[in-house]
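1. I'd like to go over a predicted model; first the sequence, then the structure.
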Amino acid sequence: MIEFRQTTKRFGDHVVLRPVELSVKSGEVAVIIGPSGSGKSTMLRCVNALEKISGGDLLVNELSVLGSSADIRQIRRQAGMVFQQFNLFPNLTALQNVMFGPIRAKKYSKSEAKEIAKALLGKVGLFERKNHYPSQLSGGQQQRVAIARALAVQPRLMLFDEPTSALDPELRQEVMKVMQTLAMEGMTMMVVTHEMHFARQVGSRLIFMENGRVVHDGEPAALLSSPPSERFHNFLQHVQ
Amino acid sequence: MNLDWSVLISAFPDLMQGLQVTLLIAISGLAGGIVSGVVAGVALEYGGRISNVLAHIYVALIRGTPIVVQVMFIFFALPLIAGIRISSIDAAIITIIINSGAYNAEIIRGALNSVPGGIQEAGLAMGLSFPAVLAHIIAPLAFRRSLPAMGNQLVNVVKDTSIFIVIGVGELTRRGQEVMAENFRSVEVWSEVAAIYFVVISAFTLGLRVLERRMRLP
Ligand SMILES: Nc1ncnc2c1ncn2[C@@H]1O[C@H](COP(=O)(O)OP(=O)(O)O)[C@@H](O)[C@H]1O
Ligand SMILES: [Mg+2]
């Protein structure tokens, strides 16, 4: 479903992704970990072409991120994204935030969009908060609205960039639970996170990045119980 | 000094005619200045090299010269250069649109720039084109952000109409001067002219405050 083919990314002279070769299949939950600055966010942002790759190729559902702008919009509709900072539209209520994508990106009627949005807010446990503005919601609630908003355009895969890093520890669980439910329903996911129990319980793949490279890629439980490298071992001690 | 306040009543019809011209120029200036300001502001913030440079030149030229000189140029010099004739009222309207647009452009550029990049990316990530993100996400937020500064600027437009007395446009200030030239009642006439400006500008300011409050986010 997602195929990195010798993908590279540079910012000027600064190489952020060395050739990355990676493929994520339908239904997989790939958890990506690694030190700050190792290129995790950049890798995710290349998938939906928020960053333009510098070399190689990257296919999402057989469409290349190097394709036409229509192809790129198609890729983006198929790949929902959830940001560390939520990035909700502050001038819209929770319901309007979730309705936005169906109306603007999929040209659904207002009433269709409303039905979709109500159902999704129910799914993330925020139906009764539907008329609240983002500023009237807790961080955890905002992030759940953001997940509902991303799901509203009916993506085939979801990209999560440290979705709980901006949250107080006691608010992380509610977001993790929503993500776990999604994973159980078979959603293909790439998740950058430091939550190791999420990686262990929900992840089907664990990818360790360092310095723009995929250093380890394997079954989460196996990697976590017997770290294959000193660096990985030290990193785990650091985050746990 | 003896004051004759009955002059207020006898001068009123003339001054109201002047006010109509003032409002015609001001409203054209507001609407046209918003359009030219948005075009130049978008060019400043998102334009390619050429449109960006053109917008910078426009803003610098207008902000770097007095509005009196601008209207003199448009009314007296431009007809010689371009071989066209324009009426004084047209010259006034053209000047006010060009002038307020340049000030609005900077305000609009700043407001567009204030919309967080992450919020724009959220729109792009759903598969919207950039123009759609600009229209449906950035514009509503930038509009709110620009309201206080735009409000001040638009009030200036109403006041600036009085300088068109220099090319003989029959707006409120000019009418005041004409009335005074007939009756020599400067205290009464200029008090009345000032009061009319004050009422119009206060009503306008109040309207803007109400709009600002309505648009305020929780
Ligand atoms: N827009 C950008 N311009 C220049 N350098 C960038 C940009 N985005 C990221 N980088 C650099 O790329 C490297 C990887 O960043 P990132 O992908 O955000 O890492 P991570 O998410 O793993 O912390 C960092 O060194 C960062 O400074
Ligand atoms: Mg990151």
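-> Thanks, I have the structure now. Numbering: from 1, shown residues only, chains lettered A, B, ... in the order given. Ligands and ions are numbered 1, 2, ... in the order given.

2. do stretch A:7-17 and ligand 1 meet?
-> Yes: under the criterion of CB under 6 Å from any ligand atom, ligand 1 is reached by stretch A:7-17 at A:11, A:14, A:16. C-beta coordinates here come from the backbone N, C-alpha and C atoms, glycine included.

3. okay if I get those residues as a markdown table plus neighbour count and pLDDT?
-> As requested, these are arranged in a markdown table below (neighbours: other CB atoms under 10 Å in any protein chain shown; pLDDT from 0 to 100):
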| residue | neighbour count | pLDDT |
| --- | --- | --- |
| A:11 | 10 | 96 |
| A:14 | 8 | 95 |
| A:16 | 19 | 96 |
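
4. reformat these as JSON lines; add distance to residue A:143.
-> Shown next, in JSON lines, are the residues of stretch A:7-17 next to ligand 1 (distance: CB to CB, whole Å):
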{"residue": "A:11", "distance to residue A:143": "27"}
{"residue": "A:14", "distance to residue A:143": "30"}
{"residue": "A:16", "distance to residue A:143": "26"}
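
5. export these to CSV and append columns for secondary structure and distance to chain B.
-> What follows is those, written out as CSV (DSSP: H, G, I helix; E, B strand; the rest coil; distance: CB to the nearest CB, whole Å):
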residue, secondary structure, distance to chain B
A:11, strand, 15
A:14, strand, 19
A:16, strand, 17
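
6. what's the closest of these to residue A:82?
-> Nearest to residue A:82, judged by CB to CB, of the residues of stretch A:7-17 next to ligand 1 is residue A:16 at 21.1 Å.

7. for residue B:150, see how far away the closest one is.
-> Per CB to CB, to the nearest Å, residue A:16 is found 40 Å from residue B:150.

8. low pLDDT regions in chain B?
-> By pLDDT under 70, chain B contains no weakly predicted segment.

9. now do the helices in chain B.
-> Taking DSSP state H as the criterion, chain B carries its helices at B:6-46, B:49-63, B:67-72, B:78-82, B:88-113, B:117-124, B:130-133, B:139-160, B:172-183, B:186-215.

10. and the residue nearest the centre of chain B, how far from residue B:8?
-> With distances taken as CA atoms, centre = their mean, residue B:157 lies nearest the centre of chain B, 3.4 Å away. Noted for residue B:157: a distance of 27 Å to residue B:8, by CB to CB.

11. tell me if residue A:106 really is in a strand.
-> No: assessed with DSSP: H, G, I helix; E, B strand; the rest coil, residue A:106 is coil; it does not lie in a strand.

12. what is the burial count for the closest residue to it other than its chain neighbours?
-> Nearest residue to residue A:106 in three dimensions, chain neighbours excluded: residue A:153, at 5.9 Å (CB to CB, 6 or more residues apart in numbering or on different chains). Residue A:153: 24 surrounding residues under other CB atoms under 10 Å in any protein chain shown.

13. which stretch of helix or strand covers residue A:153?
-> Under the criterion DSSP states H and E, no helix or strand holds residue A:153.

14. residues in contact with it?
-> Listed by CB atoms under 8 Å, 6 or more residues apart in numbering or on different chains, the contact set of residue A:153 reads A:77, A:80, A:101-102, A:105-106, B:126-127.

15. again, but for residue A:109
-> By CB under 8 Å, 6+ apart, the contact set of residue A:109 is residue A:103.

16. near the residue in chain B that chain A sits nearest to, how many other residues are there?
-> Nearest residue of chain B to chain A (CB to the nearest CB) works out as residue B:127 at 3.7 Å. If you count neighbours by other CB under 10 Å, residue B:127 ends up with 24.
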